[in-house]
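In: Test case, fold it:
(3 chains)
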Amino acid sequence: MSKLEKAALGEVATDAAPPDADAFLSVRDLRIHFDTDDGLVKSVDGVSFDVRRGKTLGIVGESGSGKSVTSLGVMGLHRSANAKVTGEVWLDGQELIAADPDDVRRLRGRKMAMIFQDPLSSMHPYYTVGAQIVEAYRVHHDVSKKVARTRAIEMLDRVGIPEPNQRVDSYPHEFSGGMRQRAMIAMALVNNPELLIADEPTTALDVTVQAQILDLIRDLQKEFGSAVIMITHDLGVVAEIADDLLVMYAGRPVERGPAESVFAEPRHPYTWGLLGSMPRLDREDTDRLIPIQGSPPSLINVPEGCPFNPRCPYADIPKDNVTRTVRPELTEVGSRHWAACHMTQEQRERIWTEEIAPKL
Amino acid sequence: MSDEKEVSLPAQSDGATLTKGTGAGEPLLKVTGLQKHFPIRKGLLQRQTGAVRAVDGLDFEVRKGETLGVVGESGCGKSTMGRLITRLLEPTGGKVEFEGQDITHLGVGGMRPLRRDVQMIFQDPYSSLNPRHTIGTIVSAPFKLQGVEPEGGVKKEVQRLLSVVGLNPEHYNRYPHEFSGGQRQRIGIARALALNPKLVVADEPVSALDVSIQAQVVNLLDDLQSELGLTYVIIAHDLSVVRHVSDRIAVMYLGKIVELADRDSLYKAPMHPYTKALMSAVPIPDPKRKAAKSERILLRGDVPSPISPPSGCRFHTRCWKATEICKTTEPPLLELKPGQQVACHHPENFEDQAPQDTVLLSVAKEAATLVADEVLAESAATSAAVAAEVGESADPGARGTARPAPTDPQPTDEPTEPEDDRQESTDK
Amino acid sequence: MAAYIIRRVFGALVLLLVVSAVTFGIFFLVPRLGGQTATQLATQYVGKDANPESIAAIKKNLGFDQPIYIQYWDYLKGLFVGADYKFGPDATHCSAPCFGYSFKSHIEVWPQLTQRIPVSFSLAVGAAVIWVIFGVTIGVISALRKGKPVDRISMFIALAGVSLPIFFTGQILSGLFVYQWPVWDSTDYVPFTQNPADWAWHLLLPWISLAFLFSALYARLTRAGMLETMGEDYIRTARAKGLKESVVVSKHGLRAALTPIVTIFGMDFGTLVGTAVLTETVFSLQGIGAYSIQAIRDNDLPIVMGVTLVAAFFIVFCNLIVDLVYAAIDPRVRYS
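Out: This is a model prediction of the structure:
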C-alpha cells in the first residue's frame, strides 16, 4: 500500500487532510532538511497540499517559512548534496521524489514550469531574451532554431510585449522590470506547462505593473487551464488570484483551505496576526496595526510543540490535556479547511469573532 | 540655527503635545520649484547629451508635527526628493527652506548644525549599519560627530534610546548581525533619534521587512511621533502603509507631484487619474472582491523615461482621459478643493478644468479599453454631479481656492513626444 | 560600440605616453635630482678609456647637458622617427623605433629587443595555453565537486603550486629530465619559424614550470568564480527549463564565471612577456626578462628603458584586448 493510499485511509498521522483524487499535483508530507555546519535546518517539515488543473493554490508565509523551498522541492531543484528530501510529490499520477532525476528533469520546463521573483537576476545577462526562450523550447522540442524563434516571438506577443519581432533580440537589461517579468512568463509558458509555479512574481514590481502581471497570469491560466501555485507574502495578491490557500510558518503548514473561508473565518492565530499586521485600503483606517510580537524562529531551533507558540498571544489559554510541547496537527475546522492549533474550535471561533475581526 | 545649550531629552521636548491630526502647524520645511537633473554623458568626449530629470519642479511644505507621505512608482523621483530635502544631494534648481532658512546650497560645513535637526532612515536595515561596529557605537556616532555630550553621558543616553525603540539596552555591545531585520530597523531609528531631530525623512522604512514586523515598526514610528512631536516625511511605494501613517500625501509621477492632499480626501475621492489607477491596482486581501475586480484600472506599458518625459501632462501617454490640451499644456498643481491640490486638466471627482477640450487622444482611447465601463460611467457621473453643484452656486468662491484653467496655454519647452506610450525605459 | 573602441584605444595610447614619461623620469631625472651630474652620466657611456674631451663630446652629442624635458622629447622623437647619434666623429643613424644605444656595448637597443621578444613571447604563449586549459578545467571540476575528495586534493595541489617558487619547480624539472634522465637533450630556444616541433619541445619544460604556478592560481580563481555563478538565480532558471546539468554548467555557468578570469588573464599574460625573469634564467633562455636583469646590473639605462617600455606596451595592449573581449562577452558593458 503506497503512502498515498494510506493517506487516503487517514493513516498518515502528520496530516489529517486526505488527498484530492482529482488533483493534478498532490504533495504529501514533504520534508526538506538541510545538513549545515550549524545544525539540521528543517526548511520544510511536513507539508501536504493538492492543486487541480485550472485552479490556483496560494502559499503564504514570511521569509523563512519554507514556501519557496517547498516549490523548489516540487520542481526537483533543491538538489544540493546536503539536502534530505522525504515525502511524496505526485504530478499527474507520477511520483517525483523517488523518480530518476533525469526523468524529473524532462518534466521540468515542459509539464511544470516556474517563474521567479527577480526577473533581472533570473535571466542570463549574456544571452538575448529570445535566445533564452528558444533554448527553453528546444530542450523539449526537436525543432530548428528558426521554428523555435517564431515560437518565441509568438509567446512574447502573447504576454504583451510590444514589437516582439525586435524585442526578441534584446538583452534582459534592456527591458523594464515589468517587461522582463513578462518575458520570464513567456519563457515559462513556451512549452504549455500544465503546472505553473510563480514564486513572488510581483514582489519586485510596482503596483500598477503588478496588476498587469497578475491579470496576465490569470488570463493565461484561463487559456491553458493549467494548475498554478502562487507563492507570496502578500495576502492581497493571494486573495486576488488564489482558489485555495496554504499558510506556512517555520516550515510547517498552519492553515489550509479555500481562500474564501481562510479569509472569512481564519482559524489559526498566525493567520490572524498576518491579517492584523497589514494596513488595508478597503477598510476605514485603524489607529493602530496589530503586529505579531517577536520575530520568526530559527529553522535550526524550531520551538517545540506549535512553532508559533512563543509569539502566540493565546498560548497560555488552558487547553484540554495538551502541553505546549505537543505539536498540533492539522484538524478539520470547516469544509476542506484545516488548521493546526491546540485551542478548541469554540475558543477560536469566539476569539476571532469577538476579539480579532472587529479590529481589522 | 539656535544654539541649544544642551540636548534636551526627547521626552521633555516641547513638541510632545503635538499629535497626529492636529497638524495645521506652521511649515517646518518649504520646497519651491525643486529640481534635480542627473547629467548623461555619451560618446567619444563624454559630453553631456541629456539629463535624467529625476525631480523636476516640486512645490510643497511639511508642517510641524505632521506626517507627509510620498508615494509613487520606481523612477518617479521620490527617493531623490528625500535625498534633496535632507541635502544628501545638491539640488539643480529650486529652493529648500528649513525653519525659514534657505538650505538649498549649504555646503557640508553649513549643513552641520542642521544635521541634528534633519535625520534620515533608510530602507535596507542590512546594509545601512556598519557590520564591524557595535550597536552602542552606531547609535552614539551622532553624538561624537556633533560633539554633543548628553546629560548623564553618551552610554546612558544610547541605552535610553535603545529602550525607547523597544530594544534591550543591555544589547549595547552586540553587533548588527546578531539582530533580526526588524530589530536592525529599530537600531536605524534609534540612531536617527539620537540628536532629538525635528524632521525625520524615512525612505521606504518598512518595505524590506516581513509583514508582521512591518506592523511593529509602523506602530513604533507612530508612538515616537506622538511622544516626541516629530515631523515625518515617509517615502514609500506601498499605498496601504502610506495611508496608515500619513496626514497628507503627495503622489509623484515622473519627477512631479500630480496630487497632494489630505489623507482622507485622497483615498476617498482621488482627483488625478494616476492616483486613481494607482489605488485601484492595490490588491485587496478579500477574496470576495475577486468578482468585483472590474473596479481595477489597468495602465498600459511602463512609465516613460525620465530622460525625455512626455510633453504637457506627463501622464497623458497612459491616461484614458487625455485630450489635446494634456499633450500641449502642463497642468499646474492647483488647490481645487480645500486641502486637495491636483495637477490635471480633467480631474476625477471634480469639475472638468478644460471642458472645451473633449476629443480624446488616440492613445487615450486605447487606454480606456483597459478601464472598466463601470469606472468610466461612475467617474463621468461624479464629475457631472460636481459640475452641477458648482453651477448651482452662483458664488465662484464655493469652489474654494480653485481657479479656472489658465487661459493662455503655457507652451512647454519639451518637444512633442511621438504618440507612442509603449516606449521602453532602458534601465539606468 | 565604435565610440567605446576608439575611447579605449585612445586611452591606451595616452597611458603608454604616461608610462614612457614616468620611466624616463625615474631613470634620468631621479638620479640627477639625487646629485648625478651630466658628466657622470656621459662617463658611463664612454666606458673605461674616459678622457675629459670624449666625455664632454658625448655629453654634448647625446644632449645630457640639456634640460630633462628636451631630452625626453628627443627620446620620444627617436622612438617615432629615429635619431642620429654622434659618439665619435661620425654620426650613426638609429632608425625608428630608436631606443638608443647600450651604454655598455654601444649596440643599438631595438635590434637586441627584437631578437629577444620572440623568446619571451613564445614562453608566455605556451605557458598560457597550458595553464588556462588545466587551471580552468581543474577549477570547474573542483567547484562542481565542492567538498569531495577531488576538490580537496586539487585544491591542495593548487595551494602547493601557488606556494612553490618558480625556480624551485624549474630546477627540479630540469634537474630530473635534462640531467638525471635526459629526456631532453637540450632546452635551447629554436625559433618557431625554423622548426615548430623543436620550438615546442624545447620550450616544454619552461612552459610546464611556469604553467604549474599559474594553473594553481587559475584553478582557485575559476573554482571561486564558478561557485559564485552556480549560485546565481539564472542558473536556477536554466535548471528550471529542464536543461541537462552539463549544459547548465557549460553554457550558463562557465561563460559568466570566466568573464573575470579573462580580465586577469589579460593582465597576467601581458605582464609575463616582460617579466618571466626567473624562468628565463633557470632555463637559460635569452628573453627580454633576462636581458633586463643584465642591464640593471650594468646600470645600462637605455636598455632598461627599452625593456620597460616594451613590457608596458604588452601589458597595455593585452588590457586593451581584454576590454574589447569583455564588451564582446558581456552585452551590458557595451551600453554603460
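In: for the chain, what spans make up the strands?
Out: I'll assume chain A. A:25-36, A:39-51, A:56-60, A:83-91, A:94-95, A:112-115, A:195-199, A:227-232, A:244-249, A:252-258, A:331-334, A:337-339 (DSSP state E).
In: wrong one, I was asking about chain C
Out: The residue ranges that make up the strands of chain C, judged by DSSP E, are C:83-86, C:91-94.
In: Buried residues, the first one. List them.
Out: In this case it means strand C:83-86. When neighbours are counted by 16 or more other C-beta atoms under 10 Å in any protein chain shown, the buried residues of strand C:83-86 are found to be C:83, C:85. To be clear about C-beta, it is placed using only N, CA and C from the backbone, and glycine gets the same treatment.
In: Could you grab the helix/strand/coil label for the residue of the stretch 51-200 of chain B found nearest chain C?
Out: The nearest approach of the stretch 51-200 of chain B to chain C comes at residue B:52, 14.4 Å away (C-beta to the nearest C-beta). Taking DSSP: H, G, I helix; E, B strand; the rest coil as the rule, one finds residue B:52 in the strand state.
In: Test of understanding: give the bridge partners of it.
Out: On the basis of DSSP bridges, residue B:52 takes part in beta bridges with residue B:38.
In: how many other residues sit next to it?
Out: Residue B:52 is flanked by 21 other residues according to other C-beta atoms under 10 Å in any protein chain shown.
In: wait, doesn't it sit right on residue B:40?
Out: Yes - assessed by C-beta atoms under 8 Å, residue B:52 is found in contact with residue B:40 at 6.4 Å.
In: and for the two, which residues touch both?
Out: Common neighbours of residue B:52 and residue B:40 are listed as residue B:307 (criterion: C-beta atoms under 8 Å, 6 or more residues apart in numbering or on different chains).
In: Excluding chain neighbours, give the residue nearest to residue C:72 in space.
Out: Here the nearest residue to residue C:72 in space, its sequence neighbours aside, is residue C:24; by C-beta to C-beta, 6 or more residues apart in numbering or on different chains that works out to 5.1 Å.
In: For chain B, which residues score under the pLDDT cut-off?
Out: In the prediction, chain B carries residues with pLDDT under 70 at positions B:1-24, B:43-45, B:125, B:290-294, B:387, B:389-428.
In: What residues does the stretch 1-150 of chain A have near chain C?
Out: For the stretch 1-150 of chain A, the residues in contact with chain C under the definition C-beta under 8 Å from any C-beta of the partner chain are A:72, A:75, A:77, A:81, A:105-110, A:113-114, A:116, A:118, A:121-126, A:135-136, A:139-140.
In: Run the contact check for the helix or strand hosting residue B:382 versus chain A.
Out: Secondary structure from DSSP states H and E places residue B:382 in helix B:373-392. No - under the criterion of C-beta under 8 Å from any C-beta, chain A is not reached by helix B:373-392; the shortest gap measures 13.5 Å.
In: related to what we said a few turns ago, which among the strands of chain C is found nearest to chain B?
Out: Using C-beta to the nearest C-beta as the criterion, the shortest distance between chain B and the strands of chain C is 33.4 Å, found for strand C:83-86.
In: the helices in chain A, which residues?
Out: In chain A, the segments counted as helices under DSSP state H are A:3-8, A:67-75, A:101-107, A:119-122, A:129-140, A:145-158, A:164-167, A:177-189, A:207-224, A:235-241, A:259-264, A:269-277, A:345-350.
In: repeat for the stretch 201-336 of chain C
Out: Counting by DSSP state H, counting those that start in this stretch, the segments of the stretch 201-336 of chain C that form helices are C:233-240, C:245-247, C:255-275, C:277-282, C:288-297, C:301-329, C:331-335.
In: Out of those helices, flag the one nearest residue A:322.
Out: Set against residue A:322 and scored by C-beta to C-beta, the helices of the stretch 201-336 of chain C come closest in helix C:233-240, at 41.1 Å.
In: report the angle between the axes of that closest one and helix A:177-189?
Out: Taking axes from the mean of the first three to the mean of the last three C-alpha atoms, to 10 degrees, helix C:233-240 and helix A:177-189 form an angle of 20 degrees between their directions.
In: now helix C:233-240 against helix A:67-75, angle please.
Out: For helix C:233-240 and helix A:67-75, the angle between their directions (the same axes, to 10 degrees) works out to 30 degrees.
In: end-to-end on stretch C:40-54?
Out: In terms of C-alpha to C-alpha, to the nearest Å, the two terminal residues of stretch C:40-54 are separated by 12 Å.
In: what about the nearest residue to residue A:86 once chain neighbours are set aside, how many residues close to it?
Out: If the residues on either side of it in the chain are set aside, residue A:86 comes closest to residue A:31, at 4.8 Å by C-beta to C-beta, 6+ apart. Using other C-beta under 10 Å, residue A:31 has 19 other residues around it.
In: residue contacts, residue A:31?
Out: A:42, A:44, A:45, A:46, A:47, A:84, A:85, A:86, A:87.
In: dump the residue contacts of the fifth one.
Out: Residues counted as contacts of residue A:47 (C-beta under 8 Å, 6+ apart) are A:27, A:29, A:30, A:31, A:66, A:70, A:87, A:246, A:248, A:251, A:252, A:253.
In: Could you check how far residue A:319 is from residue C:264?
Out: When C-beta to C-beta, to the nearest Å is applied, the distance between residue A:319 and residue C:264 equals 64 Å.
In: out of the two, which sits in the busier spot?
Out: Each of residue A:319 and residue C:264 had its neighbours counted (other C-beta under 10 Å), and the higher figure belongs to residue A:319 (17 against 14).
In: What spatial separation is found between the residue nearest to that one when sequence neighbours are not counted and residue A:26?
Out: Excluding its sequence neighbours, the residue lying closest to residue A:319 (C-beta to C-beta, 6+ apart) is residue A:342, at 4.5 Å. Counting by C-beta to C-beta, the separation of residue A:342 from residue A:26 is 27 Å.
In: same thing with residue B:213?
Out: For residue B:213 relative to residue A:26 (C-beta to C-beta), the value is 34 Å.
In: who's more crowded, these two?
Out: Of the pair residue B:213 and residue A:26, residue B:213 is the one with more neighbours under other C-beta under 10 Å, namely 26 against 23.
In: Give me the neighbour count for the residue in the stretch 51-200 of chain C positioned nearest to chain A.
Out: Among residues of the stretch 51-200 of chain C, the one nearest chain A by C-beta to the nearest C-beta turns out to be residue C:147. It sits 7.3 Å away. Burial of residue C:147 is recorded as 10 neighbouring residues (other C-beta under 10 Å).
In: Just say helix, strand or coil for the residue nearest the centre of chain B.
Out: In chain B, the centroid-proximal residue (C-alpha atoms, centre = their mean) is residue B:70; its distance is 1.6 Å. On the three-state scheme (three-state DSSP), residue B:70 is labelled strand.
In: Pull the contacting residues for it.
Out: Counting by C-beta under 8 Å, 6+ apart, residue B:70 makes contact with B:78, B:81, B:82, B:233, B:234, B:235, B:236, B:242, B:249, B:250, B:252.
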